[in-house]
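**Q** The following block contains a protein sequence and its predicted model.
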Amino acid sequence: MEEKDLKTQLTEMIDVAEWEWLEPHAQKGNLFLVNANLSVLEVGLAVAEDNTEVVQRWLDDGMLQRPSQSQMDYWQSADAPKFESLIVHPFILSKEQPA
């Protein structure tokens, strides 16, 4: 598949998610938080293309990480933020939206 086709496909799959929808995936270890300096699309492309070098660098630098227990506890609150999210099976890539 050409990169443009993949990029277009992934762009169309980006949506907004509530924490309650993401929580089960976080509990299974499949949810990754995308740093504010990266785009969900950029990370999704790297994951879909199996670009392990780039993904590993983001993980090592903390630019891509699983949510901490304290973050998950905070998002349980009634005023939990919404998340820009993209599914790149088996992972969910999410970025907290500004309030």
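**A** Yep, it's here. Numbers count the residues shown, from 1 in each chain.
**Q** drop to CA atoms for contacts and neighbour counts, all remaining ones
**A** OK.
**Q** Identify the residues contacting stretch 12-22?
**A** Counting by Cα atoms under 8 Å, 6 or more residues apart in numbering, the neighbours of stretch 12-22 from elsewhere in the structure are 31, 40-41, 75-76, 80-87.
**Q** in terms of contact, does Q65 touch L33 like I think?
**A** Yes - when contacts are counted by Cα atoms under 8 Å, Q65 is listed as touching L33 (5.3 Å).
**Q** which of those two has more neighbours?
**A** More neighbours surround L33 than the other of Q65 and L33, with 22 against 16 (other Cα atoms under 10 Å).
**Q** Specify the local secondary structure of that one.
**A** L33 carries the three-state label strand when classified by DSSP: H, G, I helix; E, B strand; the rest coil.
**Q** hang on, it packs against L59?
**A** No - shown here, L33 and L59 do not form a contact pair, counting by Cα under 8 Å, at 10.2 Å.
**Q** what is in contact with those two at once?
**A** Overlap of the contact sets of L33 and L59 (by Cα under 8 Å, 6+ apart) consists of Q65.
**Q** Could you point out which residue ranges in the chain have low pLDDT?
**A** Low-confidence segments of the chain, defined by pLDDT under 70, span residues 1-4.
**Q** need the helices for this structure, in chain order.
**A** 3-13, 19-27, 40-48, 52-61, 69-75 (DSSP state H).
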